[in-house]
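J.: Fold the following for me, if possible:
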Amino acid sequence: MIWTFAYDNLKAYPECGSPFIYTYKDATANKTPEAASAFDNETEEGVDSGPCPFVVNGITGEQLNKLGTKALVAKAVSI
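T.: Okay, here's the model as predicted:
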């Protein structure tokens, strides 16, 4: 894979700090109380031991190499 950089864009970034906006939210639990069922009495979702499933919703690297531009746009819009 050949990487190319948009040097004009890089020059527009500040020398210090991040050019991106990000938000940090300190949480004591990994559930949103407003989104939980009235019958859901667990404080967190997850596992205490054993395998922990990891779910990715989106287009993965393997798909990026096999699909054309129009197919990628169609997949992204349908997610």
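J.: what sits against K70?
T.: With contact taken as C-beta atoms under 8 Å, 6 or more residues apart in numbering, K70 is in contact with no other residue. All C-beta atoms are positioned from the backbone trio N, CA, C, and that covers glycine.
J.: Roughly how far does it sit from L64?
T.: In this structure, K70 lies at 14 Å from L64, with C-beta to C-beta, to the nearest Å as the measure.
J.: lowest average confidence, helix or strand, in this structure?
T.: helix 61-66 (a mean of 70; mean pLDDT, DSSP states H and E).
J.: Quick check: phi and psi at G50.
T.: Its backbone dihedrals place G50 at phi 90, psi -170, with angles given as degrees, to the nearest 10.
J.: give me the number of residues near it?
T.: Applying other C-beta atoms under 10 Å, we find 5 other residues in the vicinity of G50.
J.: measure it to A6 for me?
T.: Separation of G50 from A6 (C-beta to C-beta) stands at 45 Å.
J.: do N65 as well
T.: Noted for N65: a distance of 22 Å to A6, by C-beta to C-beta.
J.: cool, C52 as well?
T.: 38 Å.
J.: ok, now P19?
T.: 13 Å.
J.: can you check A71 too?
T.: 25 Å.
J.: Who has more neighbours out of those two?
T.: Here A71 and A6 are compared on neighbour count by other C-beta under 10 Å; more neighbours surround A71, at 12 against 8.
J.: Let me know the secondary structure of that one.
T.: Applying DSSP: H, G, I helix; E, B strand; the rest coil to A71 yields a three-state assignment of helix.
J.: cool, I2 as well?
T.: At I2 the chain is in coil, as set by three-state DSSP.
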